[in-house]
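1. Mind folding the following:
(8 chains)
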Protein chains: 8
Amino acid sequence: MNRHRLADLLEEVRTGELAVGEAVDLLRDLPYGELVEAKVDNHRELRQGYPEVVFCQGKTEGQVREILGYMIRERSHNVLATRAEPDLFSAVSDLHPDLRYNALGRTIVLQRERIQVQEGILAIVTAGTADLPVAEEAFETACLFGAHVERINDVGVAGVHRLVPNLPILRQARVLIVVAGMEGALASVVAGLVDSPVVAVPTSIGYGASFGGLAALLGMLNSCAGGVGVVNIDNGYGAACLAGLILRS
Amino acid sequence: MNRHRLADLLEEVRTGELAVGEAVDLLRDLPYGELVEAKVDNHRELRQGYPEVVFCQGKTEGQVREILGYMIRERSHNVLATRAEPDLFSAVSDLHPDLRYNALGRTIVLQRERIQVQEGILAIVTAGTADLPVAEEAFETACLFGAHVERINDVGVAGVHRLVPNLPILRQARVLIVVAGMEGALASVVAGLVDSPVVAVPTSIGYGASFGGLAALLGMLNSCAGGVGVVNIDNGYGAACLAGLILRS
Amino acid sequence: MNRHRLADLLEEVRTGELAVGEAVDLLRDLPYGELVEAKVDNHRELRQGYPEVVFCQGKTEGQVREILGYMIRERSHNVLATRAEPDLFSAVSDLHPDLRYNALGRTIVLQRERIQVQEGILAIVTAGTADLPVAEEAFETACLFGAHVERINDVGVAGVHRLVPNLPILRQARVLIVVAGMEGALASVVAGLVDSPVVAVPTSIGYGASFGGLAALLGMLNSCAGGVGVVNIDNGYGAACLAGLILRS
Amino acid sequence: MNRHRLADLLEEVRTGELAVGEAVDLLRDLPYGELVEAKVDNHRELRQGYPEVVFCQGKTEGQVREILGYMIRERSHNVLATRAEPDLFSAVSDLHPDLRYNALGRTIVLQRERIQVQEGILAIVTAGTADLPVAEEAFETACLFGAHVERINDVGVAGVHRLVPNLPILRQARVLIVVAGMEGALASVVAGLVDSPVVAVPTSIGYGASFGGLAALLGMLNSCAGGVGVVNIDNGYGAACLAGLILRS
Amino acid sequence: MNRHRLADLLEEVRTGELAVGEAVDLLRDLPYGELVEAKVDNHRELRQGYPEVVFCQGKTEGQVREILGYMIRERSHNVLATRAEPDLFSAVSDLHPDLRYNALGRTIVLQRERIQVQEGILAIVTAGTADLPVAEEAFETACLFGAHVERINDVGVAGVHRLVPNLPILRQARVLIVVAGMEGALASVVAGLVDSPVVAVPTSIGYGASFGGLAALLGMLNSCAGGVGVVNIDNGYGAACLAGLILRS
Amino acid sequence: MNRHRLADLLEEVRTGELAVGEAVDLLRDLPYGELVEAKVDNHRELRQGYPEVVFCQGKTEGQVREILGYMIRERSHNVLATRAEPDLFSAVSDLHPDLRYNALGRTIVLQRERIQVQEGILAIVTAGTADLPVAEEAFETACLFGAHVERINDVGVAGVHRLVPNLPILRQARVLIVVAGMEGALASVVAGLVDSPVVAVPTSIGYGASFGGLAALLGMLNSCAGGVGVVNIDNGYGAACLAGLILRS
Amino acid sequence: MNRHRLADLLEEVRTGELAVGEAVDLLRDLPYGELVEAKVDNHRELRQGYPEVVFCQGKTEGQVREILGYMIRERSHNVLATRAEPDLFSAVSDLHPDLRYNALGRTIVLQRERIQVQEGILAIVTAGTADLPVAEEAFETACLFGAHVERINDVGVAGVHRLVPNLPILRQARVLIVVAGMEGALASVVAGLVDSPVVAVPTSIGYGASFGGLAALLGMLNSCAGGVGVVNIDNGYGAACLAGLILRS
Amino acid sequence: MNRHRLADLLEEVRTGELAVGEAVDLLRDLPYGELVEAKVDNHRELRQGYPEVVFCQGKTEGQVREILGYMIRERSHNVLATRAEPDLFSAVSDLHPDLRYNALGRTIVLQRERIQVQEGILAIVTAGTADLPVAEEAFETACLFGAHVERINDVGVAGVHRLVPNLPILRQARVLIVVAGMEGALASVVAGLVDSPVVAVPTSIGYGASFGGLAALLGMLNSCAGGVGVVNIDNGYGAACLAGLILRS
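-> The predicted model follows:
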């Protein structure tokens, strides 16, 4: 409800078209309704082609099935489910013929709306092969956000020379997602080589003292290079969300 | 703004006493204003005699002086400042002749409104003398909340027999605040002896492996006795807030 | 044993009705017996309709079976078993025909006594679907405590507008249990909107850097809103105990 | 050195204008020189009006004086020194008459070049007064990056209603920096209300169990709202770097 | 080799009974041999009836089988294997007909020598049923050390009154082992009630924030009662070793 | 009050020497009084020559002065104050002419009663010079407990050969206190060489990753040698308490 | 590409043998190419007989199969795969008839090139049997590096006398790898006995408070003996790499 | 005492030159004496020109003065004191006219013996200016070890191109010490570029989430490049010890 609709409503009260009691009922919930609607409207407008997302971990098959089913029935948006183990996909794959499963990234995608492609390149860079599942989750998410993604894999800082041939694409990107476990140094090194924002995703890959990704997380937070924003451990989805918002900003 | 005031306003529009444009201006901010007002009204009504609080730690003397000065000038509420070091009190003590400083609890209090006394006893129990500063902060806060406070000091579990003579008052209390450092076991023991809710405050008192209160904090969170709610380390103020709300609930 | 019974006993000694030796036997255990009885009496009186509780985790099937069997045979109280995996329930379900299993909350309930309903509403609020198992454990426990529970699910702060329509019920509650994983911010936000005590339950739901619920736990302990008492990670039972005591206080 | 300059050089070799030996000398360092120059050129072009930065913490007065002096003598760029305590500023203030000290943010700024203003608003949002030093550091940095900054202070989630009147400016911002200590929940709440990237800065403000900002850090990393990138504790400078790159991306 | 044997040996050299070369060979390894023998002799004498111990965790079935087999073949000592899962016992049970398995304590015992009973009582106290496996490990170990063990189970501080009837036996013990998870407060409470040394064993029993026994460990280390020595989490064996040495000291 | 005194009292009631009302008054507090008295009696008898202890850290000068003054006035026991900084001693030194200050150990001792010497040697072993303050605290405490102390300093495992000449005294000791910072390995090595109980005290001495003594603490808890009981970081007092009880056990 | 090849190329340009455009193409990538080649050449020369390594953990069977297959097809180097579970080996064992599996060390080795033996002994020392898998990984790696390895097993500091007979070989070694879990003290003790560099590998072996090897890790980092370099928990491969480089340095 | 001296001694016994009693006295302490002497001899021979070291932190001025004075009086070796604050140096500077203080590295050096220069270069590489104090400590130590040191400063990975011009010297070094705070990534990057062992020293430099150097420590331990040995946080001395032993190995 904006200023104009409010003026109209009051005009109707003034002219007697609308009874005071009815107007009270309409206006009483205005504070909350307005907030809600504004938010939702705002989102609807902005989110054309954006995915609806289900985080499957910690949910039962029944719960995921119910949520996905509701989304598929009621809405026209694109749907993304993350952290979906193969058994879970088997349990829901009959919900729609176009559900697509990415076994490495553990994502389920249903694309039903055209996605508006964003301008500029989103580079997804991984340190090693074992970081690929997280990169895949980021990739699937980014695609639903309309990002033009370039992949650069296996360029961990143990061989910093491997980064060099990729400098042109790294520097061309408008935003970069760097996925790395162990010490996570790739984020610092990449951020030191480019002038675009870097979204750093620590992964839980590593020997014992990686402590489930803590080493990479701390490494990325302490990056001596500026322009690095860190997301949660193994959170490829969150990285792609942030990168997607940056592309659109 | 409640239903009645809204109806009055609309009636004024209907009768022409209020122009539509003026009504739009009044109502335009209603969603937010309403939320704010509702919240504030609600609070004002409930919080008769409740303190306005300033957390001084991390604020400059100038900032505290400005905030306290504003509170003192503009409002009639009672005022509480916590974590106020002696130097800070010296720097603001001229703001009002009735400012009272509790050196142990590091609190500044200005009581200007009568406080409605709550029904039932709030027992504040400490394990040792070194826990008193936190207990004092809780005490000053609770008094401004209108709590009838009973103090039981120095009954740490190293001498659980010292608790026994205090069992009657412990069991009579409607709510208890247990303040303990080291292993914080007093919270479990007290909670096992009473049937009222226990607010547990870990303190940073202890040898090295207390890790600044972490040991007591974990101890209290893991209490094998039910009915224990834990607040932050050394947070006497927060404990008294929670206890105050429980007394009033 | 109170003053009157003690006087009677001594009177019997004085009159010779009771031999000194018999009195010694009766009184010898008085210190401890008194303590025990006082506690138990006190409890029995207060705990009408309260559950006897078995925490199954870490116990063998045989141990749980023995404990539950003893409770069912010997006592008339209501019985609650928490952290009971489906296999465990299968192993004990023959103990009583009225044993009821809540698969989501992993609780076994046997209600044999009427439960006295407490005054006021206990609102159980969850941030997301994955927090439901903990909320269910709290719900089952609270019901056995006689609480009138209202459930508000899936209102995590990622969409704070979803909280708004629930403000009336939130503000009406005498006590609230907020169940949230990830950053656990819901506890702070709810506590900032109501004037009743909030029992915060961190859950172990989240990506890697939730560190099994540590992030939510620390978040709730550091709540910038007053009136929050925190219980252990995933401890729905403990939250309901505290809330139940608050309702009764 | 780009393709064209390389072709010219070879052409000179071909025509004999340049001796092979001379060409070898020019080209021998090409690998490193090129990398360095490319980097520097790239930066110089992009960084018009960008600050040169000195992180003073852990450096002696002599070291800072030497570095600042060099920057002031040799280069025309704008200069920013962060983590500069008042004593340090006194020790270097004679280096240039235009050095400006921000006592709250502990920054020293020397602006000598016109800064190109970036399009779009950068909103810097703080939870409480004690977070202001970090916000000031971010503010000074962002100004040197050419950001159009809007400040929204003291809107912590303890009073989420205080956020509501600021929704229009929050939603209008192209990028937001959220500065919060304690549980850091403001980042999640803001990110849930806007559709722009949020740079979250945990601060070390809080009671004991904030563990020097760890609670806020974990809270922000676990944000249940998407689009949040986290920087190091109290790192206002790093947040502004990231936000600046996003504005320019 | 002591002074007397050394003198004898030299006397033999002096009288020519022993050639210099032979004496060199005997004495050359003396430094190490002496150290080794002294140690071993010392142990043999002191350890009559003491168990040889195998810590099975992290060893393959083949390794355990080889070690146990060697012990059984070559030596007459009593044998104890800890952390032996049922499958492991099945894999080695044919090594000797008298191998005895304690399924709760996961110990394998082979007693072949008479054990000299130590003077004084060793009380093993547990907080709850789930702590029994650790207590069983301690019990089996202590028995092999010749301790006269008294068991007191399920007296956690949630019901401190349950401790009271056990005060006589607690105070009579020469040394106590307290086994407790959750907050581990039982160690402090018991130590506050007795004047004998308390060996505290934290267990990994508890809700999430016990962090695998860390809460109980820190609690016990921070015991406000004196006379508590702490061993590793779940280390019933180590506790019994320490208690056994105390009994013998 | 034991069985005999209880029988006497009842006999007096029976014979009329004691009125029922008086007997009720005597017996009414029996449960608690008995518990208290038993404890205190027990202690008094056992603790001849034992110190009363004040832990000064976290207490104000006024508080310590008050507590010490009370002890000195009212009781004849020996007094020990730990963690007493030089300024604190200056502030209380006038309380009694015989107060003795140990500047290295930061202890204040007042010995007024003869102390019964315990049988057997208590060896206090330190790894390095920087561990001496903790060892001094242990030493002063142990002396008040009547221990016959032998000191072995600066035998850290970096030079394990330095331990060798001390083997005889180490093996002769009935109990040993090992004080070590850094990795704390000395406790394991000593425990592997002796057959007496070892009380291990981690100290906060070390480079950064000692984390205030955490490294030594974990090292000692994980000792691969049996018979080690660990106390809190830098807790020389606690170590001596435990060792004293072991000597007496 | 070195100076000579660069001069040749330019000479060809000068003489017209090479067109400018072709030379640009060859030189355009020189900066990066040179870096890469230099690195690779350097490596090839130095790494005669060095293994190519695959870290299997976190990789799918398909990924490992692809990487190993490529290595086997395309290159003549020796191949090492670490963290290869038995199932993984079964899935790749058909790739080459000479693949050899070490079940304890979980390594797959394919040796096809002669390995140049390094001068001097590399001693691999373990504290206990459970540390053998890590030592095996180090052993297999070291062999491929050409090290002459001597193994000393089961000499943990619980029995420091067991080290003594091994002193000659320990002191003869040019470099030592010490593999130990629990408190990891063996590294300090060994480093205190020798004058060669010690590579310390903490293992995750131990009771609860080893926290997955953290205790040993911290212990080794805090070694009071100089000359200890620490690698990651359970990282036998990394230890052997470092030791191999030291042998060659 | 070696085989030859032992034979001589026995020969003297045989010939009567040495009485049996005297020989017993000489041999009685042989086991320990031999161990000690062997160790010391071994050291003396190897350590020509090596420093005697005093770690001043945690020692009183009096203690340091006594230890240094003893070293200066009694021995001819070179002396190194680390962690010596300026006040401490003032307090001991009169002990010898040649004591030299390095204010940045906080070291005191007394060189009295010629130091034998080791073959090969030791490169000390720092990430930033704030890491210099640690590098200075390493430098002073390494010089006393006879290392030929090359310094490369301020080449943190934020500008990895700054490393490139230093590649020749990096690759020429026989061993490298990398000193870095924040994320410590420099160690990985350098180790990826060279084929010599890298000693990594994490420093405590950084914003809040460096947690006193923990981030750099974990980063270095998790280095994805092989050949990295890590020492304690800020432990420049330890790094130089290890590097010195490697140079000599």
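2. In chain A, which residue sits nearest chain D?
-> Relative to chain D, the nearest point of chain A is A:G229 (2.2 Å; CB to the nearest CB). Where you see a C-beta, it was placed from the backbone N, CA and C, and this is true even at glycine.
3. what about the strands in chain A?
-> Per DSSP state E, chain A carries strands over the ranges A:51-55, A:78-82, A:100-102, A:107-110, A:121-126, A:148-152, A:175-180, A:198-202, A:228-230.
4. Which residues are in contact with A:R65?
-> Counting by CB atoms under 8 Å, 6 or more residues apart in numbering or on different chains, A:R65 touches A:91-92, A:95.
5. who wins for most neighbours among those residues?
-> Highest neighbour count within those: A:V92, with 23 neighbours (other CB atoms under 10 Å in any protein chain shown).
6. what about A:C241, distance to A:G229?
-> 12 Å (CB to CB, to the nearest Å).
7. who's more crowded, those two?
-> A:G229 (34 against 27).
8. and the residue of chain A closest to chain D, what does it touch?
-> A:G229 makes contacts with A:197-200, A:242, D:197, D:199, D:229-231, D:242, as judged by CB under 8 Å, 6+ apart.
9. what about it, distance to A:V175?
-> Counting by CB to CB, the separation of A:G229 from A:V175 is 10 Å.
10. any shared contact partners between the two?
-> Here A:G229 and A:V175 have A:197-199 as joint contacts, going by CB under 8 Å, 6+ apart.
11. residues near A:V179, how many?
-> Counted with other CB under 10 Å, residues neighbouring A:V179 total 33.
12. try A:D87
-> A:D87 is flanked by 8 other residues according to other CB under 10 Å.
13. ok, now how distant is it from A:C56?
-> Distance of A:D87 to A:C56, computed by CB to CB: 11 Å.
14. Would you single out the least confident of the strands of chain A?
-> Lowest mean pLDDT of the strands of chain A: strand A:51-55, a mean of 82.
15. what about stretch A:160-178, near chain C?
-> No - Stretch A:160-178 is not in contact with chain C by CB under 8 Å from any CB of the partner chain; minimum separation 15.2 Å.
16. Output that stretch as PDB, restricted to C-alpha atoms.
-> C-alpha atoms of stretch A:160-178 as PDB (Å, rounded to 0.1, in the frame of the first residue of the first chain):
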ATOM      1  CA  VAL A 160      51.200 -20.900  -7.900                       C
ATOM      2  CA  HIS A 161      52.500 -21.000 -11.500                       C
ATOM      3  CA  ARG A 162      49.400 -22.800 -12.500                       C
ATOM      4  CA  LEU A 163      47.500 -19.600 -11.700                       C
ATOM      5  CA  VAL A 164      49.500 -17.600 -14.100                       C
ATOM      6  CA  PRO A 165      48.000 -18.800 -17.400                       C
ATOM      7  CA  ASN A 166      44.600 -18.100 -15.900                       C
ATOM      8  CA  LEU A 167      45.400 -14.500 -14.900                       C
ATOM      9  CA  PRO A 168      43.500 -13.000 -17.900                       C
ATOM     10  CA  ILE A 169      40.300 -14.700 -17.100                       C
ATOM     11  CA  LEU A 170      40.700 -14.000 -13.400                       C
ATOM     12  CA  ARG A 171      41.200 -10.300 -14.000                       C
ATOM     13  CA  GLN A 172      38.400 -10.100 -16.400                       C
ATOM     14  CA  ALA A 173      35.800 -11.500 -14.000                       C
ATOM     15  CA  ARG A 174      33.500  -9.100 -12.300                       C
ATOM     16  CA  VAL A 175      33.400 -11.300  -9.200                       C
ATOM     17  CA  LEU A 176      35.200 -14.500  -8.200                       C
ATOM     18  CA  ILE A 177      34.300 -17.400  -6.000                       C
ATOM     19  CA  VAL A 178      37.400 -19.100  -4.600                       C
END
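17. For that stretch, buried residues please.
-> Of all the residues in stretch A:160-178, those buried under the rule 16 or more other CB atoms under 10 Å in any protein chain shown are A:160-164, A:166-167, A:170-171, A:173-178.
18. so does it get close to chain G?
-> Yes - Stretch A:160-178 comes into contact with chain G (CB under 8 Å from any CB), by way of A:161-162, A:164-165, A:167.
19. Out of those, the closest to chain B would be?
-> Within these, the smallest distance to chain B is 42.1 Å, found for A:R162 (CB to the nearest CB).
20. ok and the residue in chain A nearest chain F?
-> Of all residues in chain A, A:A209 sits closest to chain F, at 11.4 Å by CB to the nearest CB.
21. can you pull the contacts of A:Q118?
-> Contacts for A:Q118 (CB under 8 Å, 6+ apart) come out as A:145-148, A:244, A:247-248.
22. before we move on, what about A:V160?
-> Contacts for A:V160 (CB under 8 Å, 6+ apart) come out as A:189, H:160, H:189, H:192-193.
23. Need the worst-confidence member of those.
-> Note: of these, the lowest pLDDT belongs to H:V160, at 70.
24. distance of it from chain G?
-> Taking CB to the nearest CB, to the nearest Å as the measure, H:V160 falls 11 Å from chain G.
25. One more: A:V230?
-> 21 Å.
26. Please name the bridge partners of that residue.
-> Beta bridges link A:V230 to A:A200, D:V230, judged by DSSP bridges.
27. my guess is it meets A:L217, correct?
-> Yes - with contacts counted by CB atoms under 8 Å, A:V230 reaches A:L217, the gap being 6.9 Å.
28. residues bridging contact with those two, i.e. touching both?
-> Any residue near both A:V230 and A:L217 by CB under 8 Å, 6+ apart counts here, and that gives A:202, D:221.
29. And these two? Which one has more around it.
-> Taking neighbours as other CB under 10 Å, A:V230 and A:L217 compare with A:V230 leading, 37 against 31.
30. residues contacting the more buried one?
-> A:187, A:199-202, A:217, A:220-221, D:221, D:229-231.
31. Closest to chain G out of those residues?
-> Nearest member of the contacts of A:V230 to chain G, counting by CB to the nearest CB, is A:P202, at 13.8 Å.
32. got the contact list for the closest one?
-> A:180-181, A:184, A:213, A:215-217, A:219-220, A:230, A:233-234, C:208-209.
33. Looking at those, state which has the most neighbours.
-> Of all the contacts of A:P202, A:G184 has the most neighbours under the rule other CB under 10 Å, reaching 40 neighbours.
34. Could you report the distance from that residue to A:G213?
-> Distance from A:G184 to A:G213, by CB to CB: 8 Å.
35. Alongside chain G, which residues does chain A contribute?
-> Proximity of chain A to chain G (CB under 8 Å from any CB) is limited to residues A:104, A:128-130, A:132, A:159, A:161-162, A:164-165, A:167, A:181, A:205-211.
36. near chain B, which of those residues show up?
-> Among the residues of chain A next to chain G, no residue sits close to chain B (CB under 8 Å from any CB).
37. which ones among the contacts of A:P202 are found in helices?
-> A:215-217, A:219-220 (DSSP state H).
38. Closest to B:I124 out of those?
-> Nearest to B:I124 among these is A:L217, at 40.0 Å by CB to CB.
39. right, and that closest one touches A:N235 too?
-> No - using CB under 8 Å, A:L217 makes no contact with A:N235, being 10.4 Å away.
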